[in-house]
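**Student:** sequence plus the predicted model coming up.
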Amino acid sequence: MKPAARPLVISPRYQGLDQLTKRVRLAERLGVDQVWLEQQPDQRDALLTAAAYLEAAPSITVGTAVLPVYARHPVAMAQAAATIDELYPGRFVLGIGYSHKFVNEYVLGLSQGKPIGVMREYTAIVTGLLNTGEIGFEGEHFTAHAQYTGGRGAVPLHLAALRPQMIRLAVQMTDGIVIWLASPRYIRERIMPVIREACAEFGKDPDSFSVVTILPSYTGDNEADQIAGWEKSAASYRMLPYYRHVLDAFGKPDPREFALIGSRAQVRERLAEFRELGCVPVPSPMPGSEEEFVQTVEAVYGDA
């Protein structure tokens with residue numbers, strides 16, 4: 001799959017599906033070439049929504065950032081990804097993640113295993129079935145004896161990863177990572193060195209390993225309200241251990257370190273900073289009107 005030049009998040013959580021697909025078509029007209037979307041416990045299914053996005057905008061690619069693995073057996077995950085790829089060849093990126101105890105145990109009612117072991121087995125089953133059309137696997141966490149007889153293509157796979165062991169696993173077994181709520185300093189000091197070391201160990205070109213970095217973004221007249229909204233959201237994410245570690249890694253977090261908020265010049269300067277680190281920064285327009293959405297997209301991608 002050709003690397004995206006103008007990726008964007010269009011979150012399924014804020015609008016109805018008709019409005020979302022309208023916004024995807026609008027983003028396509030504004031030059032966006034890739035759209036990412038997340039899966040929250042209380043919102044519509046992200047895989048089905050991804051298919052709707054792909055249907056709505058024929059020139060874009062779509063990625064999930066990310067699907068929690070305990071919500072789908074790895075065989076079902078691979079079948080769904082392969083089916084979407086057959087419907088929209090070469091246009092789908094599968095992003096998966098371990099998620100959190102609240103989701104895995106409280107929402108889904110499952111007993112979660114140790115993250116690295118779970119993700120290693122899950123990834124092995126998904127990639128095995130996607131790549132060869134069959135899998136025979138018996139592990140501590142997952143078992144799979146399955147075949148897939150539909151069409152198959154190369155579906156890029158990304159893992160949610162913020163800590164060294166998960167990053168190493170992603171380098172070893174997948175095409176990239178997806179990160180959220182990480183500042184440039186955290187990426188520079190805690191993520192990129194691990195990627196370089198792991199690529200050397202596993203014989204990969206670090207330039208070919210994708211580091212998708214989701215960044216809340218806003219340019220408009222309600223900047224103070226959006227910063228307050230980011231702080232409220234960050235406070236809720238701090239309740240989750242993985243994100244608390246990242247948010248508190250270097251003292252009290254500054255919203256502007258974690259987001260693209262400000263004037264056109266300010267957001268482009270910050271976007272360039274993330275790119276210079278070797279990331280694929282993906283602006284995620286914060287909730288607002290269509291006019292604010294357009295203004296934000298044009299600020300990060302419009303003609304200078």
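**Tutor:** That came in fine, so what should we check first? Residues are numbered from 1 along each chain as shown.
**Student:** C-alpha from now on. contacts and neighbour counts both.
**Tutor:** Fine.
**Student:** strands along the stretch 101-250 of the chain, start to end?
**Tutor:** Assigned strands in the stretch 101-250 of the chain, in chain order: 134-138, 143-147, 157-160, 176-180, 210-218 (criterion: DSSP state E, counting those that start in this stretch).
**Student:** now these in a markdown table, with distance to residue 4 and mean neighbour count?
**Tutor:** Below are these laid out as a markdown table (distance: least, Cα to Cα, whole Å; neighbours: other Cα atoms under 10 Å):
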| stretch | distance to residue 4 | mean neighbour count |
| --- | --- | --- |
| strand 134-138 | 30 | 16 |
| strand 143-147 | 32 | 15 |
| strand 157-160 | 15 | 26 |
| strand 176-180 | 13 | 22 |
| strand 210-218 | 11 | 24 |
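**Student:** ok, which of those comes nearest residue 65?
**Tutor:** With Cα to Cα as the measure, strand 176-180 is the member of those nearest residue 65 (6.6 Å).
**Student:** need the longest helix for this protein.
**Tutor:** Using DSSP state H to assign secondary structure, the helix with the most residues in the chain is helix 115-132.
**Student:** who are the packing partners of that helix?
**Tutor:** In terms of contacts (3 or more Cα pairs under 8 Å, 6 or more residues apart in numbering; DSSP states H and E), helix 115-132 is packed against helix 74-87, strand 134-138, strand 143-147, helix 164-173.
**Student:** show me what counts as buried in it.
**Tutor:** 118-131 (16 or more other Cα atoms under 10 Å).
**Student:** one more: stretch 196-205?
**Tutor:** So for stretch 196-205, counting by 16+ other Cα under 10 Å, buried means 196, 198-199, 204.
**Student:** can you give the contact residues for it?
**Tutor:** With Cα atoms under 8 Å, 6 or more residues apart in numbering as the test, stretch 196-205 has contacts from 168, 171-172, 206.
**Student:** keeping just the C-alphas, turn it into CSV.
**Tutor:** Provided in CSV are the C-alpha atoms of stretch 196-205 (Å, rounded to 0.1, in the frame of the first residue of the first chain):
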residue,chain,number,x,y,z
ARG,A,196,15.5,1.4,15.7
GLU,A,197,17.0,-1.3,18.0
ALA,A,198,14.2,-3.8,17.2
CYS,A,199,14.5,-3.2,13.5
ALA,A,200,18.3,-3.9,13.7
GLU,A,201,17.6,-7.1,15.6
PHE,A,202,14.8,-8.4,13.3
GLY,A,203,16.4,-7.2,10.0
LYS,A,204,13.8,-4.6,9.1
ASP,A,205,14.3,-1.2,7.5
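**Student:** now residue 290. Nearest residue, chain neighbours left out?
**Tutor:** Distances taken as Cα to Cα, 6 or more residues apart in numbering put residue 23 closest to residue 290, at 8.0 Å, once the chain neighbours are dropped.
**Student:** now swap in residue 14 and tell me
**Tutor:** Here the residue nearest residue 14, using Cα to Cα, 6+ apart, is residue 287, at 7.1 Å.
**Student:** secondary structure class for the one you found?
**Tutor:** Put simply, residue 287 is coil when judged by DSSP: H, G, I helix; E, B strand; the rest coil.
**Student:** the helix or strand bottoming out on mean pLDDT in the chain - contacts with which helices or strands?
**Tutor:** Using mean pLDDT, DSSP states H and E, the weakest-scoring helix or strand in the chain turns out to be helix 101, at a mean of 87. Using 3+ Cα pairs under 8 Å, 6+ apart, no helix or strand is in contact with helix 101.
**Student:** for that helix, give me every contacting residue.
**Tutor:** residue 112.
**Student:** mind checking the end-to-end distance for stretch 160-167?
**Tutor:** 8 Å (Cα to Cα, to the nearest Å).
**Student:** before we move on, back to that, buried sites along the helix or strand encompassing the residue nearest to residue 290?
**Tutor:** Using DSSP states H and E, residue 23 sits in helix 17-29. By 16+ other Cα under 10 Å, the buried positions in helix 17-29 come out as 20-21, 23-28.
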